[in-house]
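Engineer: Have a look at this prediction, sequence included:
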Amino acid sequence: MDFNFSETQSMLRDTLRRYLAEAYDFDRRQAMLASPVRRDPGIWKALATELGILGAPFAERHGGFGGGPVDSMVIMEELGRAIACEPYLPTVVIGGGALELAGGPLGDSLIPGIISGDIIIAFAWAERQARYNIANLRTRASADGAGWALSGEKAVVIGAPYATHFLVSARTGGTDDEAAGVSLLLVPADAPGIARRDYLTVDGHLASELSFENAKAGADALIGAEGHALPLLEELFDRAAAATCAEAAGTMRRLHELTLDYARQRTQFGQPIGKFQVIQHRLVDMFMEVEQAVSLTYMATLKLGLPAPERARAVSQAKARIARGARFLGQSAVQIHGGIGITNELAAGHYFKRLTMLESAFGDADFHFGRIEEAISAEAA
Amino acid sequence: MDLAFSSDELAFRDEVRAFIAENYPAALRGKQDLGEELGREDYLLWHRVLHARGWVAPAWPKEYGGPGWNATQRYIFSEELARADTVPVLPFGINMVGPVIYTFGTDAQKARFLPRILSGEDWWCQGYSEPGAGSDLASLRTRAERDGDHYIVNGQKTWTTLAQHADWGFFLVRTDPAAKPQEGISFLLIDMKSPGITVRPIITLGGEHEVNEVWLENVRVPVENRVYEENRGWTCAKFLLAHERTGIAGVARSKRGLERLKGLAAAEPDSHGQPLIRNPFFRRKLAEVEVDLAALEYTELRTLASEASGRGPGPESSLLKIKGTEIQQRLTELTLEAAGHYAAPYFRTFPEGHNEYPIGPGFAHRAAPTYFNMRKTSIYGGSNEIQRNIIAKMVLGL
């Protein structure tokens, strides 16, 4: 058993933490979100070139460092710590993961572009009728000459306004949430027939509603086997959920630190509020949630390579618990900060907003507890 | 004991219900349906309608312009307002400073201020909290020094709700810095247009401008605007906080909120393609809120009944504040959960001036901002930690 990070991973964490502390300094983050483009594309470019970290999980033959999910976990935790709004999850973890898992020439040609920061991918999986069920798809893809034509709507696609490509789940057969007939396509963002409605999210990310109206994609857009991509999609979803856990763990850890600092310096009734037992116990409960979030994140990340049922169960255990922990951390931090905690003027409130969105990203607590219950029922049968 | 309403009470309920149905401003209804933010005039629109009917201050004694209702009638009235989802009557004049003035004020103060509170001519705000005095309110440092027949006030207040619209504010100020914290405080009514007052917005997590900082720099306040005795303002403050706490339970509004949530849950799908309201996890959570609300409602009714028999709101009202705010917050959590992915879009960035359809289901764009905003309820009016201290000390004798 070994829970230590390699030297490379420790260096990766330290370098990234130092960089993000400056790039996502509170005032700079606020100014960035208020700017006309609502982001600073230079930061992503710097992560790719100056820090050179986008290749961390990729194979060496694609120009990566030959790392894996643990490296992405380290990166996600740091992004969470800084409440950074960078597309590492959709581009590297999900988009890059899809290309690597599927293999083939598309990955060979695109992964170097991901590593260099030139290709940014947004994951268009959610649909309005489906909530968190990835197989419930109404978006359709049909053969169109040598390529594909897509039609349908995708909801709340994070990073879509500045993405170069969309990774789209669609039906090439079947109906409702049938396993057969699910396909995955990587479509250039500027393909004809795609319309975006862009907006900022409550926690400072950019997202879009996407509508595909007979949108054209080439023959090489297909990732994985036509009509049989559900297992691949499920694996990507689990990886995304595990990476979200890592991000949440980093955000929770930092928010706990901020709240601890505040409780030490805020004086009421002649003493720091951190001297009051009711505040102490709340801070201890927060601490316990943070530690368990980190533990479960490690567990889920290290089990990502297991067969699907075990993988999914571990991910759901982590995400179910962390969804609750994220809510508890956010609410407790605000309560301990008092009024200032619900203003835009202090970092704590922004951590609270981000944690609120991470709660339900890639499945909320009910969804993941539900998956565990189904697994328990299957065992009992 | 009897839970049923009498025929008179039922007739009263029907009268109130019919009045609201016939007189609630259609323009307000439209704004509320679209989830638009309400401005000063929106609040006053409904206030004036209620005032014209003599119903704007249900709890005030008849001699000061109240309707003379008993506790049950007041309960029925607030139920009906909530049921019809009316905009709330702002509490600062009607529920807060009004009762302080008619309880502690001089005849001249009553004659001058009470009619204008009822009519809505004066919009009031509350100058209590300071940057260094939140839960520990008695440590407040805003100074008022006597200069002939005026006080000169200097200091800073914060979390002053809707002060940007206010004509008047009621302020707690320190008049005797040498005395013990609670003993050197006075209760002043200050014209918000006085020279030396600056109101600065504080923007909260959902992007709202609801609260403010209020700076006072050499503000001259006539001594006649002090309510009750000099250095005895804490008595008014405590009285007002206890009043604030009963209103804070918000039972009727939460019942309406739960009904609305059930409606949303019937329309939104869960992850299995069935309505959320049929999802066992979500339905259980609705059931739990329903039970919590019943417990709160009947606790409030018992409190009202004991008030009707002559006892003012006591420390028990802290229970109503704690449980009431927990339920209000729970409802916003569940609404957020029901919104799912569509809790994310931030509506203030939707293109302005475009008549576009909202993103996702109509309720969703308010779900996250409301959830963020309602965290205030366990902080304001004396934080829920402070309320528990009050119960421990005053009720349990610990």
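Structural biologist: All right, it came through fine. Numbers count the residues shown, from 1 in each chain, chains lettered A, B, ... in the order given.
Engineer: Next up, the contacts around B:Leu334.
Structural biologist: Residues near B:Leu334 by C-beta atoms under 8 Å, 6 or more residues apart in numbering or on different chains: B:Leu261, B:Phe282, B:Lys285, B:Leu286, B:Val289. In short, each C-beta sits where N, CA and C put it, glycine included.
Engineer: Repeat the analysis, applying 6 Å as the threshold.
Structural biologist: Taking C-beta atoms under 6 Å, 6 or more residues apart in numbering or on different chains, we find B:Leu334 in contact with B:Leu261, B:Lys285.
Engineer: what's the offset of the helix or strand hosting it from the middle of its chain?
Structural biologist: Per DSSP states H and E, B:Leu334 falls inside helix B:317-339. Put simply, helix B:317-339 sits 14 Å off its chain's centre (C-alpha atoms, centre = their mean, to the nearest Å).
Engineer: go on, stretch A:289-307?
Structural biologist: Mean C-alpha position of stretch A:289-307 versus that of the full chain (C-alpha atoms, centre = their mean) differs by 15 Å.
Engineer: What average pLDDT does the host helix or strand of A:Arg239 get?
Structural biologist: Under the criterion of DSSP H and E, A:Arg239 resides in helix A:230-265. The pLDDT scores in helix A:230-265 average 98.
Engineer: how about that helix: buried residues?
Structural biologist: For helix A:230-265, the buried set under the neighbour-count rule, 16 or more other C-beta atoms under 10 Å in any protein chain shown, comprises A:230, A:232-256, A:258-260, A:262-263.
Engineer: and the nearest residue to B:Thr377 once chain neighbours are set aside, how far is that from B:Glu259?
Structural biologist: Nearest non-adjacent residue to B:Thr377, counting by C-beta to C-beta, 6 or more residues apart in numbering or on different chains: B:Thr325, 3.9 Å away. Distance, B:Thr325 to B:Glu259, using C-beta to C-beta, to the nearest Å: 19 Å.
Engineer: The two - which one has more neighbours?
Structural biologist: Remark: of B:Thr325 and B:Glu259, B:Thr325 carries more neighbours, 25 against 12, as counted by other C-beta atoms under 10 Å in any protein chain shown.
Engineer: My read is that the more buried one contacts B:Arg375, right?
Structural biologist: No: using C-beta atoms under 6 Å, B:Thr325 is not in contact with B:Arg375; the gap is 9.6 Å.
Engineer: what ranges do the helices span in the stretch 201-350 of chain A?
Structural biologist: For the stretch 201-350 of chain A, the helices defined by DSSP state H, counting those that start in this stretch occupy A:230-265, A:277-302, A:308-337, A:347-360.
Engineer: Output these in a markdown table, with distance to A:Glu153 appended to each entry.
Structural biologist: Shown next, in a markdown table, are the helices of the stretch 201-350 of chain A (distance: least, C-beta to C-beta, whole Å):
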| stretch | distance to A:Glu153 |
| --- | --- |
| helix A:230-265 | 18 |
| helix A:277-302 | 31 |
| helix A:308-337 | 26 |
| helix A:347-360 | 20 |
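Engineer: Save those as TSV, and put in distance to chain B too.
Structural biologist: Shown next, in TSV, are the helices of the stretch 201-350 of chain A (distance: least, C-beta to the nearest C-beta, whole Å):
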stretch	distance to chain B
helix A:230-265	12
helix A:277-302	5
helix A:308-337	5
helix A:347-360	5
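Engineer: Could you check the angle the helix holding B:Leu334 makes with helix A:308-337?
Structural biologist: Computed with axes from the mean of the first three to the mean of the last three C-alpha atoms, to 10 degrees, the direction of helix B:317-339 lies at 140 degrees from that of helix A:308-337.
Engineer: could you dump the next helix-or-strand element following helix B:317-339 to PDB, C-alpha only?
Structural biologist: Next in sequence after helix B:317-339, counting helices and strands by DSSP H and E, comes helix B:364-373. Below are the C-alpha coordinates for helix B:364-373, written out as PDB (Å, rounded to 0.1, in the frame of the first residue of the first chain):
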ATOM      1  CA  ALA B 364     -34.500  27.300 -12.400                       C
ATOM      2  CA  HIS B 365     -32.700  30.500 -13.000                       C
ATOM      3  CA  ARG B 366     -33.700  31.800  -9.500                       C
ATOM      4  CA  ALA B 367     -32.800  28.500  -7.700                       C
ATOM      5  CA  ALA B 368     -29.100  29.100  -7.000                       C
ATOM      6  CA  PRO B 369     -29.300  32.900  -6.300                       C
ATOM      7  CA  THR B 370     -32.200  32.200  -3.900                       C
ATOM      8  CA  TYR B 371     -30.300  29.300  -2.200                       C
ATOM      9  CA  PHE B 372     -27.300  31.600  -1.800                       C
ATOM     10  CA  ASN B 373     -29.300  34.500  -0.600                       C
END
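Engineer: buried sites along the following helix or strand past helix B:364-373?
Structural biologist: With elements assigned by DSSP H and E, the helix or strand that comes after helix B:364-373 is helix B:384-390. For helix B:384-390, burial by neighbour count (16+ other C-beta under 10 Å) applies to B:Asn384, B:Glu385, B:Ile386, B:Gln387, B:Asn389, B:Ile390.
Engineer: go on, stretch B:143-150?
Structural biologist: Going by 16+ other C-beta under 10 Å, stretch B:143-150 has these buried residues: B:Ala144, B:His150.
Engineer: So what's the gap between it and the chain middle?
Structural biologist: 32 Å.
Engineer: Now B:Pro358: closest residue in space that isn't a chain neighbour?
Structural biologist: Nearest one to B:Pro358, counting by C-beta to C-beta, 6+ apart, is B:His365 at 5.8 Å.
Engineer: any idea how far A:Thr343 is from the one you found?
Structural biologist: 21 Å.
Engineer: quick one, which of the two is more surrounded?
Structural biologist: B:His365 (24 against 16).
Engineer: Low-confidence ranges, the stretch 251-398 of chain B, go.
Structural biologist: Low-confidence regions of the stretch 251-398 of chain B, defined by pLDDT under 70, span residues B:307-308, B:310-313, B:349-357.
Engineer: Count the neighbours of residue 282 for me.
Structural biologist: Going with chain A. Quick note: A:Arg282 (other C-beta under 10 Å) scores 20 neighbours.
Engineer: that's the wrong chain, I meant chain B
Structural biologist: Residues near B:Phe282, counting by other C-beta under 10 Å, number 20.
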